[in-house]
Every structure is written in C-alpha cells, then in structure tokens.
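Trainee: just coords:
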Ligand code: ZN
C-alpha cells in the first residue's frame, strides 16, 4: 500500500497531453494499486495518472451512484464520447465539482449529461460504460486530465477568477507543489 503525493495545479505534468500506455507490466499494476490507495486516502472519486506525476493516459474511479451501484475501475487509454454540453448557467448546488489538484476548492461547471467511456482494464480487456449524471461528470473530469485540462480551465469567468485568486494566495500555480493524503491535511 502506498499513498502517492498529488501534484497541485501549476505542476507541468498536469498541463500537458499524456502518452498512451503501451506496456502492461507489474510497474503498471503497482501504479494502479497506488492510485487506488491515494484516491481512497484523499478521499476522491477519481484520480488520473498525471495527478501523481505520471504522464500516462490512465485514470481510476470509485463512485457509488444514487441506485447504490458501485462503479470502481481502471480506465487505460480511454476514449470518451459525450453528448453536447448543456447551455445556460451552471447550478452551484448540483453542478459544483472539485479536484484533488486544486485541493479544498469547488466551483460549478456545466458538463454533458451522458458519456460513453471505452477503455482498457488492467488485465487488457477493452470495456464500455454508458454513463449518465455524476458518473458521466467524473469520466469527463478525469479524461480532461489526460489532455492537460483542469476543471478550472473550463470555468466561466467569474468562477475562474475566484479559483485563480485562491491558487495565487496558496502559492500554487508554480511547478513542484504537491500534497500527500494522510500527511498534509487538505480536503477535496
Ligand atoms: Zn481533477
């Protein structure tokens, strides 16, 4: 069991396009296991490899939906098909999301209601999930990480300004910042 340091916004690995996973070996298995440990410790509902400093196209997720279905898995080299993003103002109560790489903050953001995830599992099996609601949001958020996009990059101006201010005041937005769940007491 290993909890890894989570990179904070400003670290270059979070703002670059990650590479396809090509080698399925014990190193990858260890990385995935450590990512699950880190996500659980944070706690978070999703974690992408760039967030732990590894620029690979891979994320893990752990979410129990309103019908008590547990969605717990590994998405390697994912593709994501999404319905159009709804127009209009985002709702602060129902559409606010956070990110372990901008710890402690949340802001509302419109996301597609439905997303089809196609990805490879750790054992090499390709699978597909037709997601809606919050699971679809998690997939969109994590998928974005693989292209170097944080949710803060997608916020409307007024919310983007609030987050930018917090980032500045916290001394983030520069390379080399991280926090470790269970060691540094920050929350998602
Ligand atoms: Zn995130």
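Mentor: Nice, thanks for sending it over. Note that the structure is a prediction, hence the values are computed from the model and not measured.

Trainee: so what's the residue count around residue 131?
Mentor: Neighbours of residue 131 under the rule other C-beta atoms under 10 Å: 24. Where C-beta positions appear, they are placed from N, C-alpha and C, glycine not excepted.

Trainee: report pLDDT for it.
Mentor: Note on residue 131: pLDDT of 97.

Trainee: report the contact partners of the spatially most central residue of the chain.
Mentor: Per C-alpha atoms, centre = their mean, the C-alpha nearest to the average position across the chain is that of residue 142, at 3.4 Å. Contacts for residue 142 (C-beta atoms under 8 Å, 6 or more residues apart in numbering) come out as 46, 47, 48, 59, 61, 75.

Trainee: list the buried residues in the lengthiest strand in the chain.
Mentor: Counting by DSSP state E, the longest strand found in the chain is strand 70-82. Buried residues in strand 70-82, counted by 16 or more other C-beta atoms under 10 Å: 71, 73, 74, 75, 76, 77, 78, 80, 82.

Trainee: which of the residues you listed sits closest to residue 3?
Mentor: residue 74 (17.4 Å; C-beta to C-beta).

Trainee: where's the closest one relative to residue 97, distance?
Mentor: Distance, residue 74 to residue 97, by C-beta to C-beta, to the nearest Å: 21 Å.

Trainee: ok, back up a step: which two of the buried residues of strand 70-82 have the greatest separation?
Mentor: 74 and 82 (20.2 Å).

Trainee: the chain: helices as residue ranges?
Mentor: For the chain, the helices defined by DSSP state H occupy 26-41, 133-146, 157-169.

Trainee: these: which one's closest to residue 17?
Mentor: helix 133-146 (7.4 Å).

Trainee: can you give me how far that closest one is from the chain middle?
Mentor: Offset of helix 133-146 from its chain centre (C-alpha atoms, centre = their mean, to the nearest Å): 7 Å.

Trainee: same check on stretch 43-57?
Mentor: Using C-alpha atoms, centre = their mean, the offset of stretch 43-57 from its chain centre is 6 Å.

Trainee: let me see the mean pLDDT of that stretch.
Mentor: 98.

Trainee: just the endpoints, please. Distance across that stretch?
Mentor: 21 Å (C-alpha to C-alpha, to the nearest Å).

Trainee: tell me the spacing between residue 119 and residue 80.
Mentor: According to C-beta to C-beta, residue 119 stands 9 Å off from residue 80.

Trainee: which residue is most remote from the mean position of the protein?
Mentor: Most peripheral residue of the chain (C-alpha atoms, centre = their mean): residue 88, 23.9 Å.

Trainee: show me the shaky parts of the chain.
Mentor: For the chain, applying pLDDT under 70 flags the ranges 185-188.

Trainee: tell me, how many residues neighbour residue 175?
Mentor: Around residue 175 there are 12 residues (other C-beta under 10 Å).
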